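Undergrad: Fold the following and give me the result.
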Amino acid sequence: MSAGRQPLKVIAVLNQKGGAGKTTLATHLARGLQLSGKSTLLVDSDPQGSARDWAAVREDHPLTVIGIDRPTIDKDIKALAEVDYVIIDGAPQAADLAVSAVKAADVVLIPVQPSPYDIWATSDLVDLVKRRIEITDGKLRAAFVVSRAIAGTNIGKDIAKVLEGYELPVLTSRIHQRVDYPGTAATGSTVLELFPKSEAAKEVLELIAEVEQFTNEEMSNGVNE
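TA: Reported below is the predicted structural model:
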């Protein structure tokens with residue numbers, strides 16, 4: 001690591017259930033951090049390659065996206081170029097890839113739709129994350145991100161009740177179900193670039209700020225230990 005450089009931060013976006021908005025969150029988080037001046041790399045660990053397909057739409061994509069769809073993510077990341085952030089877009093229904101991504105991560109974000117069924121489906125992943133938190137003496141942090149929420153609905157109270165037993169924080173920022181998101185995916189872009197004044201762009205910026213704070217708190221705690 002270069003003198004004076006902040007430690008590399010690895011954020012894994014994981015949910016083994018499909019349809020949670022995982023790739024949308026990972027691509028927007030990675031590109032948003034890059035637009036804010038952070039050097040950022042996106043790792044697509046999904047064998048389906050959704051994030052790589054997103055990047056391939058633009059011939060000269062500004063964000064570097066690489067594929068590591070084997071259970072060696074934690075080892076392979078150590079050989080990557082020196083950047084501020086590595087964002088991992090996790091693979092659904094692949095326990096070995098999830099284990100490797102969790103090992104590589106400083107922070108795990110778990111996007112969930114505001115439905116009890118979707119939240120219950122994360123139980124195996126939460127168990128895996130909590131075991132890793134215990135093994136690392138709390139150096140790994142994790143949080144839920146409410147994704148694909150329906151605007152105008154009262155979701156906070158319902159979600160808090162369902163998540164009580166998981167003992168993981170829920171970020172206050174929400175990503176809502178909006179037509180802008182699939183529209184940007186088709187062009188290999190983000191709402192920050194195509195719709196910078198939109199509500200979608202506003203909520204993405206709020207989420208990025210909260211994730212940065214959450215991540216940097218963890219890195220500072222690790223330094224002080």
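
Undergrad: When you work out contacts or count neighbours from here on, use the C-alpha atoms and nothing else.
TA: Noted.

Undergrad: Tell me the buried residues in the longest helix seen in the chain?
TA: Across the chain, the longest stretch assigned as helix under DSSP state H is helix 199-224. Going by neighbour count (16 or more other CA atoms under 10 Å), the buried part of helix 199-224 is 200-201, 203-205, 207-209, 211, 214-216, 218-219.

Undergrad: So in this structure, where's the weakest helix or strand by average pLDDT?
TA: The weakest-scoring helix or strand in the chain, judged by mean pLDDT, DSSP states H and E, is helix 156-163 (a mean of 69).

Undergrad: Helix 199-224 and the very next helix or strand once past it, what's the angle between them?
TA: The first helix or strand that comes after helix 156-163 along the chain, using DSSP states H and E, is strand 170-176. Orientation check (axes from the mean of the first three to the mean of the last three CA atoms, to 10 degrees): strand 170-176 against helix 199-224 gives 150 degrees.

Undergrad: what is the mean pLDDT for strand 170-176?
TA: Throughout strand 170-176, pLDDT has a mean value of 92.

Undergrad: List the contacts of the following helix or strand past that strand.
TA: Using DSSP H and E, the helix or strand that follows strand 170-176 in sequence is helix 180-185. Under the criterion CA atoms under 8 Å, 6 or more residues apart in numbering, residues 24, 54, 190, 191, 194, 195, 200 lie in contact with helix 180-185.

Undergrad: Quick check: buried residues in helix 180-185?
TA: 180, 181, 184, 185.

Undergrad: Show me which of those is closest to residue 36.
TA: residue 184 (18.8 Å; CA to CA).

Undergrad: Bridge partners for the spatially closest residue to residue 49 that is not a sequence neighbour, pull those for me.
TA: Of all residues not flanking residue 49 in the chain, residue 67 sits nearest, at 7.4 Å (CA to CA, 6 or more residues apart in numbering). For residue 67, the beta-bridge partners under DSSP bridges are residue 44.

Undergrad: Contact partners for residue 67?
TA: Per CA under 8 Å, 6+ apart, neighbours of residue 67: 43, 44, 45, 46, 49, 52.
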